[in-house]
Each structure stands twice: as structure tokens, then as C-alpha cells.
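**Q** I'll drop the sequence and a predicted model, then ask my questions.
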Amino acid sequence: MLAIRANHRVLGFALVCAAALACPVSGLIGVAEGQSPAPVAAATPAIASDARLAGDTQQTRFVLDLDKAIKFRAFTLADPYRVVVDIPEVDFRLPSGAGAASRGLVKAFRYGLVMPGGSRIVFDLSGPAKITNSYVLDAANGQPPRLVLEMEQVDLAAFNQAAAAESKPGRPAIADANAAVSAPTPAAPIPAPMPGAPPDLRPVVVIDPGHGGIDNGTQSGGEVIEKDLVLGFALALRDRIEKGGKYRVVMTRTDDTFIPLADRVRIARNQSAALFVSIHADALPRREGDAQGATIYTLSDKASDTEAERLADAENKADAIGGVNLTEEPTDVADILIDLAQRETRTFSNRFARLLMGEMKNTVRMHKHPLKSAGFRVLKAPDVPSVLVELGYVSNKGDLDHLVSDKWRSKTVGSMAQAIDVFLAKRLAKAGAAN
Ligand SMILES: [Zn+2]
């Protein structure tokens, strides 16, 4: 019971912060519970200049140095264990390598912008913990304003109780904060056509490098981080397709930015894309042995096997890491239409997946079961044929050697571009014949 009471105290404080997050973020300061926020004119984000961890595996404290006080909301997440701090947009100017070293309960922490006007700090924990105290201090005694977070190791039962209390419905301020966090982010800007230029009627291929920003993707490859690896690959694929000149390529991201899964789908739909290709790299937990080769995934309600299910769960967590509300978005089309469109779209998705495997298997090492399906959120556009390619396993030495090799990348990009060309050429021919 003690754990729950303590949590309520912390939660009570967090609610004040949460309410502020839903407000225009830069117009408010004021840090203590019960204190009414004072409006200020400054619209520039707070600057974070330093961050440090102290303590041991029982109790760990985090301090973030700022140039002004900010509102925040802190909460815990399980599977894997994390503490998340939502804050207004902050200009992080931390020393390089900040967050990489483990200390006490914290294995590492990450930080960055997760939506317009909103940043997030995510602490990866070594085990279940609760937030015992969290507050922002004003500048005093020559010290800058600071955000302080204190965490304490708890057992699993106490963690679950605390987490359940955090997510209990009927806590309006938390709900407001979720709304703020899940506010739709604008899709990638669509380049405006040059005045007087004819409209570009070429079919659109959307290439989706997985993860980005605060979401690193899998990191089991040591130095190799999935989000960087797949961005490099996706940009090379874009260049290859654009060189052919037949298709227009739209990227869901071209730099290290966090993009929620629903926005990736939205980009494909807004562009009336002819094809959506999501690029990822996988890793197998050591206890599950070894696996190798590329795998092509399509959408299904039921996963084709347990590995596909595990992977879809892992990939779908991207939103949780970035701070997006996980509830499904309401759709704007009648369900029956979606159902019909989806059936046709799935046929095309599966056709492309088979074509892609046919091309890739000539040049690339494939997984022993190279075609699989599962409930990937990023593949859910009802009207855009979509596949997700796991290029290989960063946890496998041979695959990792391939994944970082320019020669392998060039070959693989070539086979994928070829498959895309065959698929779209067929569809265009069909569409032409039907007219
Ligand atoms: Zn991934």
C-alpha cells in the first residue's frame, strides 16, 4: 500500500505538470504544486545545457540543467522498463555522449523532439522502478533552473500497481496530456510544383525508413543503430529509383526525425501512393538463438508465426517510445469500404512481396521463411499496397557485415528497385488497358 500512496503523491504533482503540457507550452512557467502559472512573453524553447545521473541501483537521481523553468509530466512504462518525461520543446545542448553511460537504475537515456512543441526524455531502466519525486527548481545559489527526477527500485508487484494507478481512467489531466502528446503532427511537406510546370503524374513510391529521432530501433548490433542503418539504405533506394525517372519517390523521413507510425501511413495515403515500402533491420534476442537473412512482411490480423508476432510487437512500440497515444485513430471512411479496399490492397501487397522475394533471392541472403505476415501498424493504409522489409539481423555477424557493406547495399537496392519497377509497370499496363 505504501507504494501506491507514494505514487499518488507523485501523480498528484504530475497532474499539475500534465495540465500545463496541454496549454501553449512556451507561454507558461510556474513549477510548484498549487502555484498558478504566470504567463510570459518568451516563445523560445528552454535550453538544456547539461544532464547528470547520480546514485546506485537502489535509488537514482537525474538532473537536467535548464535556462528557465519548464512544465513536465513523468511516468513509467513496462516492457521494457522505462521512465518517460514529457516536456515542452527543449533545445538540447547536452555534451556529446550524454545519456550513453549507465548509472544506477538507468541503463541509458535518450532525448529529443517528438512532436511540434513537445520534447521527451526516455530512460531505459535495468528493472522495475518508480518515480519517488520529481520537480523543477528555479535558479538559486548560483545554480541554474533544474529538472530533478528521483527513481527507486521496486519489485514487479509494486511497479504494476503504480503503473495501473497512472493509467486509471477518469483522471482528466492525464487524458489532456495524452491528447497533447498525440496531437497530429503535420505530414512531410509536399514540394509545391514550379509555377507553370505540368503536374507530376508519375506513380508515387513512398519509402519509409523505420524509427528515427528518439526512437533508435534495435541496437543489438553494438555500434550499429537501426534508425541510421535503414535511413542510409532508404536514401540509396530513393536515389536508385529516381535515377530511373519513371516514379516519384516520397520519403517519410530524410533525417534523424521521429515520425509517428500513423503519420507514415498518412503520408502514403495523402500522396495516393502506388506502393509503400518500410525498411527495417531486425535483431534476435540472444536467448532465442540465431537467425539470418532478409524477410518481407505483409499485413495480417494473425501473425504467420511467433517470430513475426514478436517483431510486429517490437516495431509497433515505436509510438510508445516517441510518446504517441496508442489508441487506434478513427477512420474517415466507412468500414465496409475499407474492408473492400483492404482486400484488394492486400492482394497487391502480397503480389509485390512475392515479386520482391523473387528479385532479392538472386542477390541477397534471405531468411529461411522469407515471406511472413503480422499486424504491423505501419502497413495499415487500406488503399496503398504496403510491405515491410527486414533487411537482416544485426544480431547475426554475417548479416551485420552485409548490412554495413556498400557493395551489399548497392546490390540489394538494385534488386528492390527492379522489383518495384516490375510491379508498377504491370499495374500501369493494367490501368492503361482498362481505360
Ligand atoms: Zn525496426
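**A** That came through fine. Residues are numbered from 1 along each chain as shown.
**Q** who in the stretch 301-435 of the chain is up against the ion?
**A** residue 315 (CB under 5 Å from the ion). In short, each C-beta sits where N, CA and C put it, glycine included.
**Q** quick one: the helices in the stretch 301-435 of the chain?
**A** 306-316, 318-322, 335-360, 397-403, 406-434 (DSSP state H, counting those that start in this stretch).
**Q** Same list (the ones you listed) but as a markdown table, adding mean neighbour count, distance to residue 160 and mean pLDDT.
**A** Converted to a markdown table, those look like this (neighbours: other CB atoms under 10 Å; distance: least, CB to CB, whole Å; pLDDT from 0 to 100):
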| stretch | mean neighbour count | distance to residue 160 | mean pLDDT |
| --- | --- | --- | --- |
| helix 306-316 | 18 | 19 | 88 |
| helix 318-322 | 21 | 17 | 75 |
| helix 335-360 | 17 | 35 | 83 |
| helix 397-403 | 19 | 36 | 91 |
| helix 406-434 | 16 | 43 | 89 |
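**Q** any chance of the ones you listed in TSV, with distance to residue 274 too?
**A** Output for those, formatted as TSV (distance: least, CB to CB, whole Å):
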stretch	distance to residue 274
helix 306-316	23
helix 318-322	24
helix 335-360	9
helix 397-403	27
helix 406-434	6
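**Q** can you pull out the strands in the stretch 101-250 of the chain?
**A** With strands called from DSSP state E, counting those that start in this stretch, the stretch 101-250 of the chain shows them at 106-115, 118-125, 129-137, 146-153, 204-209, 248-251.
**Q** Which of the ones you listed sits closest to the ion?
**A** Evaluated with CB to the ion, those place strand 204-209 nearest to the ion, the distance being 9.4 Å.
**Q** Now the closest one - C-alpha only, CSV.
**A** In CSV, the C-alpha atoms belonging to strand 204-209 read as follows (Å, rounded to 0.1, in the frame of the first residue of the first chain):
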residue,chain,number,x,y,z
VAL,A,204,4.4,7.7,-56.2
VAL,A,205,6.6,5.3,-54.2
VAL,A,206,6.7,6.0,-50.5
ILE,A,207,9.9,4.8,-48.9
ASP,A,208,9.7,4.6,-45.1
PRO,A,209,13.0,4.3,-43.2
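**Q** anything in that strand near the ion?
**A** No - Strand 204-209 lies out of reach of the ion by CB under 5 Å from the ion, never closer than 9.4 Å.
**Q** Adjacent strands (with direction) for that strand?
**A** Sheet pairing of strand 204-209 (DSSP bridges) gives strand 248-251 (parallel), strand 275-282 (parallel).
**Q** Out of these, which one sits most buried?
**A** Highest mean neighbour count among the strands paired with strand 204-209 (mean count of other CB atoms under 10 Å): strand 275-282, with a mean of 26.
**Q** ok and it relative to helix 335-360, angle-wise?
**A** Per axes from the mean of the first three to the mean of the last three CA atoms, to 10 degrees, the angle that strand 275-282 makes with helix 335-360 is 60 degrees.
**Q** Name the residues that touch the following helix or strand past strand 275-282?
**A** Going down the chain from strand 275-282, the next helix or strand is strand 294-299, by DSSP states H and E. For strand 294-299, the surrounding residues in contact (CB atoms under 8 Å, 6 or more residues apart in numbering) are 282, 308, 311-312, 346, 349-350, 353, 356-357, 360, 364-367, 369-376, 379-380, 386-392, 412.
**Q** So strand 294-299, near the ion or not?
**A** No - contact of strand 294-299 with the ion (CB under 5 Å from the ion) is absent, the minimum separation being 10.7 Å.
**Q** low-confidence ranges in the stretch 51-200 of the chain?
**A** When residues are selected by pLDDT under 70, those of the stretch 51-200 of the chain lie in 164-197.
**Q** which bits of the stretch 101-250 of the chain sit near the ion?
**A** 210, 217.
**Q** Need the phi and psi values for the residue in the stretch 101-250 of the chain positioned nearest to the ion.
**A** The stretch 101-250 of the chain approaches the ion most closely through residue 210 (3.9 Å), counting by CB to the ion. Main-chain dihedrals, residue 210, degrees, to the nearest 10: phi -60, psi 160.
**Q** residues touching it, list them.
**A** Residue 210 neighbours (CB under 8 Å, 6+ apart): 217, 226-227, 230, 278-280, 315, 318, 378.
**Q** Report the distance from stretch 143-157 to the chain centre.
**A** Offset of stretch 143-157 from its chain centre (CA atoms, centre = their mean, to the nearest Å): 24 Å.
**Q** Between the two ends of it, what distance do you get?
**A** Counting by CA to CA, to the nearest Å, you get 38 Å between the two ends of stretch 143-157.
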